[in-house]
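**Student:** Mind folding the following:
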Amino acid sequence: MTDITFEKYSDKSFVIRGNTTPYKDELVELGGSFNPRLKGGAGWIFSNYSEIKVNKWLQNKNISKKDIGVNIVVDNNVVVVDDDLESEIIELRKIISRCDRDLIFLKGKLTDLEQKYNITSPKRLII
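**Tutor:** Reported below is the predicted structural model:
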């Protein structure tokens, strides 16, 4: 077991912690930023967009996520998951992100139509 950990930090980021000093330059190249004041202690914070690159880097360094454990925070509880479940979670997060972008686009279109046809939306629905 290595002394490096991989954890989901937020909906948009993850963190690499542990004895990362030998890998400092590589972690910077991968897009990480060292932050000594993270919740849970110091570590290298990454955007979820870097996750594939970091996973490949971990594999090239022969650091298996099974060795370091993958922690995902669910309702303020840390849950350790295996690689298959993690892959599914990553795919679902990508789908949710695309849906969020589509919803923002559709809200903009609705606003444009309301303005074009001078339609006012009810502020409150009274039942």
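**Student:** First-to-last residue distance for stretch 31-39?
**Tutor:** Start-to-end span of stretch 31-39 (C-alpha to C-alpha, to the nearest Å) is 20 Å.
**Student:** now swap in stretch 18-36 and tell me
**Tutor:** Stretch 18-36 end-to-end distance (C-alpha to C-alpha) = 12 Å.
**Student:** Please compute how far that stretch lies from its chain's middle.
**Tutor:** 17 Å (C-alpha atoms, centre = their mean, to the nearest Å).
**Student:** and the one helix or strand residue 97 maps to, average pLDDT?
**Tutor:** Assigned by DSSP states H and E, residue 97 belongs to helix 83-116. Mean pLDDT, helix 83-116: 81.
**Student:** quick one: least confident helix or strand in the chain?
**Tutor:** helix 65-68 (a mean of 47; mean pLDDT, DSSP states H and E).
**Student:** just to revisit the earlier point, and the helix holding residue 97, what does it pack against?
**Tutor:** Contacts defined by 3 or more C-beta pairs under 8 Å, 6 or more residues apart in numbering; DSSP states H and E place helix 83-116 against helix 65-68, strand 70-74. For the C-beta atoms, the positions are set from N, CA and C on the backbone; glycine is no exception.
**Student:** now do 7 Å
**Tutor:** When contacts are defined as 3 or more C-beta pairs under 7 Å, 6 or more residues apart in numbering; DSSP states H and E, helix 83-116 packs onto no helix or strand at all.
**Student:** So what's the gap between it and the chain middle?
**Tutor:** That offset, for helix 83-116, works out to 15 Å (C-alpha atoms, centre = their mean).
**Student:** Make residue 1 into 45 and carry on from there
**Tutor:** Sure, I'll start numbering at 45, so the last one becomes helix 127-160.
**Student:** For residue 81, grab phi and psi.
**Tutor:** Backbone torsions of residue 81, given as degrees, to the nearest 10, read phi -110, psi 30.
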